[in-house]
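Trainee: Test case, fold it:
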Amino acid sequence: MRILVCDDDKEICEAIAIYLKNEGYEVDNAHDGIMALNKLRENDYQLLVMDIMMPNMDGLRATMKIREIQNVPILLLSAKGEDSDKVLGLSIGADDYMVKPFNPLELIARVKSLLRRYTQLGSIASSPKTFKTGGLEINDETKEVTVDGQCIRLTAIEFGILSFLAQNIGKVFSIEQIYEKVWSESAYNSENTVTVHIRRIREKIEINPKDPKYLKVVWGIGYKLEKITH
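Mentor: Got it, this is the predicted structure:
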């Protein structure tokens, strides 16, 4: 698998590349958002690791532009650790967020988790299933989601959450349960991560995201996909 690492600090780029290459990944480097976009247009990557604070085009602007053309997983890196910064990064389309300085082992774990979800999204299930509730349809074979016949574009993480809830329609799951199932790792400080992705899914599948028809919150417990038979 091929990964693009984007950071204006060349030493950090090289360090991350060494960690990833030791795990068997192919790695290319970029040093600002414009360079990252150009490389994405020219090459096929399975993951992007990108710093936020960069010259010419920062990581947030680059993420928004990438999301207009691709659903490749994006792991943002930032020296800012405030929840508001993390929520902003996830809100504009990133799949995960890490604060600098980080433990190399945690970085590798996050990369593997995102790649595992992305690979599952691109694979063909051995026993294909289609889940339907009202006008919402989730095809677990083609990995397509439609609402009233209109195709909805989801990232790998967003599809993972929706597919998991669709396979257990009507059942309520806590934030921790959703995180552990979709990310395949322990739910440490996972609340913002899950809630931001839930909000993005609602913005895509709901007519009125503030009064959702499909993806419901059960206050104090978690989330469920509503079963609609008509």
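Trainee: What is the strand or helix carrying I18 packed up against?
Mentor: Per DSSP states H and E, I18 falls inside helix 10-22. Counting contacts by 3 or more CB pairs under 8 Å, 6 or more residues apart in numbering; DSSP states H and E, helix 10-22 packs against strand 2-6, strand 26-30, helix 104-122. Bear in mind the C-beta positions are built from the backbone N, C-alpha and C, glycine included.
Trainee: got CSV for the ones you listed, with mean neighbour count and distance to Y214 too?
Mentor: Output for the helices and strands packed on helix 10-22, formatted as CSV (neighbours: other CB atoms under 10 Å; distance: least, CB to CB, whole Å):
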stretch, mean neighbour count, distance to Y214
strand 2-6, 23, 34
strand 26-30, 18, 38
helix 104-122, 17, 20
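Trainee: Indicate which one of these is closest to V87.
Mentor: Distance to V87, taken as CB to CB, is lowest for helix 104-122 among these, at 17.4 Å.
Trainee: Quick one: work out the angle between the closest one and helix 10-22.
Mentor: 60 degrees (axes from the mean of the first three to the mean of the last three CA atoms, to 10 degrees).
Trainee: Helix 104-122 packs against which elements?
Mentor: helix 10-22, strand 47-51, strand 74-78, strand 96-99, helix 156-167, helix 175-183.
Trainee: ok, now with 6 Å
Mentor: helix 156-167 (3 or more CB pairs under 6 Å, 6 or more residues apart in numbering; DSSP states H and E).
Trainee: tell me what the helix it packs on is packed against?
Mentor: Using 3+ CB pairs under 6 Å, 6+ apart, helix 156-167 sits against helix 104-122, helix 175-183, helix 191-205.
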